[in-house]
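K.L.:
model this:
(3 chains)
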Amino acid sequence: MNALDNIPLWIAILASFFVVLGATLTLIGALGFARLERFYDRIHAPTLGTSWGTGGIIIASAILASHFEGRFIFHELVIGFCVMVTIPVTLMLLGRAALHRDRAENSPILPPEMRDGPIDTTLEDPSEDTQEQEDPETSEIPVTTAQGTVSAEKSPDEEKKGE
Amino acid sequence: MSRLIPHPMLSVALVLFWMVLTSFSPGHLLLGSMIALVAGRAMAALHPERPRIRRWSVVPRLLWTLFMDVLRSNIAVTRLILTEGNGKRSSTFLVVPLTLRSQNALAVLSIIVTSTPGTAWIEYVSETGMLTVHIFDDKEAEHYRKVIKETYEPMLMEIFE
Amino acid sequence: MSATILTFALSYAQFALALAACLAGTRIVKGPRAQDRVLALDTLYLTVMLLFLVTGMRLGSIFFFEAAMVIAVMGFVATVALAKFLFRGEVIE
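P.N.:
The predicted structure is shown next:
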């Protein structure tokens, strides 16, 4: 606590602003997370905390740290990098897992055209890894029947591509 | 050379990380370099598609667009969560056909889509290139389709393909 | 003066983050489905990590940063494993 005494006022105000911003955004995200009714809505709420929630607190921490010790700031950058890279992976996996489970039980949460989408093709990460499709020509692969309903919505685009 | 250090960028980044997290000393440099080399070999065993960045000049523009987008959608989602009570908002699934095929570009796109509040990456089918995104506010759906299709995809194609 | 502002802001942040962790905790209890609980656990990890960061700023201690980093990595691994579990029903294939 006593270490905080000899900080210039403007640094204190700047750091306080970012701390309050980050904490408030995280709190709003958690509030939305607790209040929203459907899973697919809820998956958006934590992203408030992961984007500017984490960002604000990390910036504030970096401001304070750079005042105390010049090179300490990298710690915060590493944490921010970790959060930025790992959160998409977890949220993507959770979204796909939820979709998989909702499809398996034909849940009414999903719009009808998504219920009988591809169940097996998208689950395996290795299958995506083995297909190294570099050329854009492969995008004209005929749509399989399992996805007929999904792509039916996009039929104008499909026709444009086919021409 | 490429046998010994299959992923030079990854190894250099790991050494830098190591030096940042520990205080600098020759011993740590040696240890960090060894770990980075082993990690590079381990990464090569996974056979990822080698990232090739063709045009670095687009990267700052991409970062700036992402920064502004995240700021904008943070405000939008915050407002929506706080005014949830009047119940006018409904969410929707958006299907975007992608022509982007490079795995690295898709990985970057997934980070972009996920870190923007209000959009969540749900599913990508690699055979058809169909990306399903969940949109928090369906009034924004057309905006996000445009952003993904007309802003980010061309930029990523310029960078990676 | 500057210490007062900072202490106030950091106390507020600690309070807000603790409240956010509690809200995530209620979602773990309430569910209703497994994916909600996993997402709640992920949110809980993130909030607690931010709480550690703020506490570290307040106490001026570096150890909280190391702890925050460990929590971030642990949360990632835990969530990925649990999400994999939701796909298949078994963690180890």
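
K.L.:
Okay, the residue in chain B that chain C sits nearest to and A:Phe74: tell me how far apart.
P.N.:
In chain B, the residue found nearest to chain C is B:Leu21; the distance is 8.2 Å by CB to the nearest CB. C-betas here are computed from N, CA, C, even on glycine. Computed as CB to CB, to the nearest Å, the B:Leu21 to A:Phe74 distance reads 8 Å.

K.L.:
repeat for A:Ile87
P.N.:
A:Ile87 sits at a distance of 20 Å from A:Phe74 (criterion: CB to CB).

K.L.:
Looking at those two now, which is surrounded by more residues?
P.N.:
A:Ile87 (25 against 16; other CB atoms under 10 Å in any protein chain shown).

K.L.:
so that one is in which element?
P.N.:
Secondary-structure element containing A:Ile87, defined by DSSP states H and E: helix A:74-104.

K.L.:
average pLDDT for that helix?
P.N.:
Across helix A:74-104, pLDDT averages out at 81.

K.L.:
Now do the buried residues in it.
P.N.:
Of the residues in helix A:74-104, A:74-76, A:78-80, A:82-84, A:86-103 count as buried by neighbour count, 16 or more other CB atoms under 10 Å in any protein chain shown.

K.L.:
Helix, strand, or coil at C:Gln14?
P.N.:
Classification of C:Gln14 using DSSP: H, G, I helix; E, B strand; the rest coil returns helix.

K.L.:
Give me the domain ranges for chain B.
P.N.:
Structural domains assigned to chain B are B:8-45, B:58-160, following automatic domain parsing.

K.L.:
Determine if any part of the longest one is in contact with chain C.
P.N.:
No - among the residues of domain B:58-160, none lie within reach of chain C under CB under 8 Å from any CB of the partner chain; the closest is 10.8 Å away.

K.L.:
residue ranges with poor pLDDT in chain A?
P.N.:
A:1-5, A:69-73, A:109, A:111-163 (pLDDT under 70).

K.L.:
and if we set it to 80?
P.N.:
Segments of chain A classed as low confidence (criterion: pLDDT under 80) are A:1-9, A:37-38, A:65-78, A:102-163.

K.L.:
swap in chain B?
P.N.:
Residues of chain B that meet the criterion pLDDT under 80 lie in B:1-10, B:17, B:19-25, B:43-58, B:84-92, B:100-103, B:126-129, B:137-141, B:160-161.

K.L.:
pLDDT wise, what is the nearest residue in space to C:Phe63 that is not next to it in sequence at?
P.N.:
Spatially, and ignoring its direct neighbours in sequence, C:Phe63 is nearest to C:Gly56 (7.4 Å; CB to CB, 6 or more residues apart in numbering or on different chains). In the prediction, the pLDDT value recorded for C:Gly56 is 85.

K.L.:
list the contacts for C:Gly56?
P.N.:
Listed by CB atoms under 8 Å, 6 or more residues apart in numbering or on different chains, the contact set of C:Gly56 reads A:61, C:62-65, C:67-68.

K.L.:
Which residue is the nearest non-sequential neighbour of A:Ala97?
P.N.:
Leaving aside its sequence neighbours, A:Ala97 sits nearest to C:Leu86 (CB to CB, 6+ apart; 3.8 Å).

K.L.:
which SSE is the one you found in?
P.N.:
Under the assignment given by DSSP H and E, the secondary-structure element containing C:Leu86 is helix C:63-88.

K.L.:
quick one: buried residues of that helix?
P.N.:
Buried residues in helix C:63-88, counting neighbours by 16+ other CB under 10 Å, are found at C:64-65, C:67-69, C:71-72, C:75-76, C:79-80, C:82-84, C:86.

K.L.:
From these, pick the one nearest C:Gly25.
P.N.:
Of all the buried residues of helix C:63-88, the one sitting nearest C:Gly25 is C:Gly75; the distance, using CB to CB, is 14.5 Å.

K.L.:
excluding its backbone neighbours, what's nearest the closest one?
P.N.:
Once flanking residues are discounted, C:Gly75 sits nearest to C:Tyr45: 3.0 Å by CB to CB, 6+ apart.

K.L.:
From B:Thr78, how far out is that neighbour?
P.N.:
C:Tyr45 sits 22 Å away from B:Thr78 when distances are taken as CB to CB.

K.L.:
Tell me which of the two has more neighbours.
P.N.:
Between C:Tyr45 and B:Thr78, counted using other CB under 10 Å, C:Tyr45 has the larger neighbour count: 21 against 18.

K.L.:
Which of the domains of chain B sits closest to A:Pro108?
P.N.:
Among the domains of chain B, the nearest to A:Pro108 by CB to CB is domain B:58-160 (13.8 Å).

K.L.:
The lengthiest helix in chain B and chain A, any residue contact?
P.N.:
When chain B is parsed with DSSP state H, its longest helix is helix B:58-82. Yes - residues of helix B:58-82 contacting chain A under CB under 8 Å from any CB: B:70-71, B:74, B:77-78, B:81-82.

K.L.:
could you dump the residues you listed to a markdown table with distance to C:Ser2?
P.N.:
Formatted as a markdown table, the entries for those read as follows, by distance: CB to CB, whole Å:
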| residue | distance to C:Ser2 |
| --- | --- |
| B:Val70 | 30 |
| B:Leu71 | 27 |
| B:Asn74 | 28 |
| B:Val77 | 33 |
| B:Thr78 | 28 |
| B:Ile81 | 33 |
| B:Leu82 | 31 |
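
K.L.:
what ranges do the strands span in chain B?
P.N.:
For chain B, applying DSSP state E gives strands covering B:92-97, B:119-125, B:130-135.
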